[in-house]
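>>> Take a look and give me a structure for this.
(one chain, ligands or ions: 1)
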Amino acid sequence: MNTTASAENYNILLTFDVEDWFQVENFKSCISYESWGNREFRVQDNTVKILELLDGFRFKPKATFFILGWVARRLPALVREIVSRGHEVASHGYGHDLCPLMTAGALAKDLGYSKMLLEDILGTRVTGYRAPSFSISEQTLGLVRDAGYLYDASYNSFGSHGRYGHLDLSRITRQNGVYRISPDFYEIPVSNLELGSRVLPLGGGGYFRLFPFQLFKQGMKAVLKKEKTFVFYAHPWEFDPDQPRVKQAPAGFRFRHYINLDQMEYKISALIRSFANARFTTCRLHLKETTG
Ligand SMILES: [Zn+2]
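Okay, the predicted model is just below:
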């Protein structure tokens, strides 16, 4: 019996924000930036776990890895390894500061430096950016473009999450999940399920771990039918049920961070298997296909 969704012409963009367990916004009040260097470093093993998982499929799904500059500077071999396996490397900024909390000057520096760092490691152009915690705005989007990126992938339309930013894309036509912001600059938002004026969070992360897989799959099918494209996000630390626990963090943040970590590997494998007829490709290749 064929249980895969009928999705031959659909593209699924798996994206991973490469940061470690101690760098997330949920724990910012308990873990200072200055202490990062003294924490147990687990991002390398967890990223390799994802690479192995993807390579385990006969059809070799490809993905986009938005890497934090702080991590890239310490693990340049990992950055090269990701590209050598056929995936795309893009920027997640340098120090995981939320964009609205930085001055325009500091943000421009962060955008430029994180891009240059990855380009120096790889010797090729880096074209994509994702803001920490999807903290995008019209002003930030302008700075992303000015820093020389080709696309931004920071918009998450699920407005009920307090940290996510907002963009007004209502006047721009969406094609295969891509918005043309200006002649040489694009927005590729994370997917959500839009039901009338309501938006259900379906892009990935904690919601993917929380929802029963069959429900998520039905939502994905609905988005793919409409958009022909699905943009999914996750983090390497979500594949690590044994990571150190931050006991002093607020209970709500701990719930969001730790819920069902032990199911992540199984669930993402199920996702890939369920949509094996779709193409799992990178943001850059999808953009090229869409815009010509
Ligand atoms: Zn992040």
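
>>> In this structure Pro236 contacts Val24, no?
No: with contact defined as CB atoms under 8 Å, Pro236 does not reach Val24; the gap is 11.2 Å. C-beta: built from backbone N, CA, C; applies to glycine.

>>> shaky segments in this structure?
Counting by pLDDT under 70, the chain has low-confidence residues at 1-8, 159-163.

>>> Can you tell me which residues in the stretch 51-200 of the chain are near the ion?
Neighbours of the ion within the stretch 51-200 of the chain, by CB under 5 Å from the ion: Pro132.

>>> Quickly find the element holding the residue lying closest to Tyr258 once chain neighbours are set aside.
Spatial nearest neighbour of Tyr258, excluding adjacent residues (CB to CB, 6 or more residues apart in numbering): Arg245 at 7.3 Å. Assigned by DSSP states H and E, Arg245 belongs to neither a helix nor a strand.

>>> same deal with Leu215?
helix 213-227.

>>> try Tyr179
Using DSSP H and E, Tyr179 falls in strand 178-182.

>>> Other residues contacting that strand?
Where contact means CB atoms under 8 Å, 6 or more residues apart in numbering, the residues beyond strand 178-182 that reach it are 141, 145, 151-152, 169, 172-173, 186-189, 229, 286-287, 290-291.

>>> of all of the stretch 151-292 of the chain, which residue lies closest to the ion?
The nearest approach of the stretch 151-292 of the chain to the ion comes at His235, 6.7 Å away (CB to the ion).

>>> That residue contacts Gly204, doesn't it?
No: the criterion here is CB under 8 Å, and His235 misses it with Gly204 at 9.0 Å.

>>> what's the distance between Phe253 and Tyr10?
34 Å (CB to CB, to the nearest Å).

>>> neighbour count winner among those two?
Tyr10 (21 against 17; other CB atoms under 10 Å).

>>> Tell me what the closest residue to the ion within the stretch 1-150 of the chain is bridged to.
The minimum distance from the stretch 1-150 of the chain to the ion, using CB to the ion, falls at Asp17 (4.2 Å). Each beta-bridge partner of Asp17 is listed here, defined by DSSP bridges: Phe66.

>>> Enumerate every residue touching it.
If you count contacts by CB under 8 Å, 6+ apart, then Asp17 has Phe66, Leu68, His92, Arg130, Tyr233, Ala234, His235 around it.

>>> one more time with 10 Å
Applying CB atoms under 10 Å, 6 or more residues apart in numbering to Asp17 gives the contacts 23-24, 64-68, 90, 92-93, 96, 130-134, 153, 204-205, 233-238.

>>> And for Ser84?
Applying CB under 10 Å, 6+ apart, the residues near Ser84 are Leu51, Ala77, Leu122.

>>> Which strand or helix spans the closest residue in space to the last one that isn't next to it in sequence?
In this case it means Leu122. Closest residue to Leu122 apart from its sequence neighbours, by CB to CB, 6+ apart: Val83 at 5.9 Å. Secondary structure assigned from DSSP H and E places Val83 in helix 76-84.

>>> all helices of this protein, in order?
Applying DSSP state H to the chain gives helices spanning 43-55, 69-74, 76-84, 104-122, 138-146, 205-210, 213-227, 251-258, 264-274, 283-291.

>>> Let's have those in CSV, adding distance to Gly196.
Written out in CSV, the entries for the helices of the chain read as follows (distance: least, CB to CB, whole Å):
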stretch, distance to Gly196
helix 43-55, 35
helix 69-74, 40
helix 76-84, 39
helix 104-122, 35
helix 138-146, 25
helix 205-210, 19
helix 213-227, 13
helix 251-258, 26
helix 264-274, 26
helix 283-291, 26
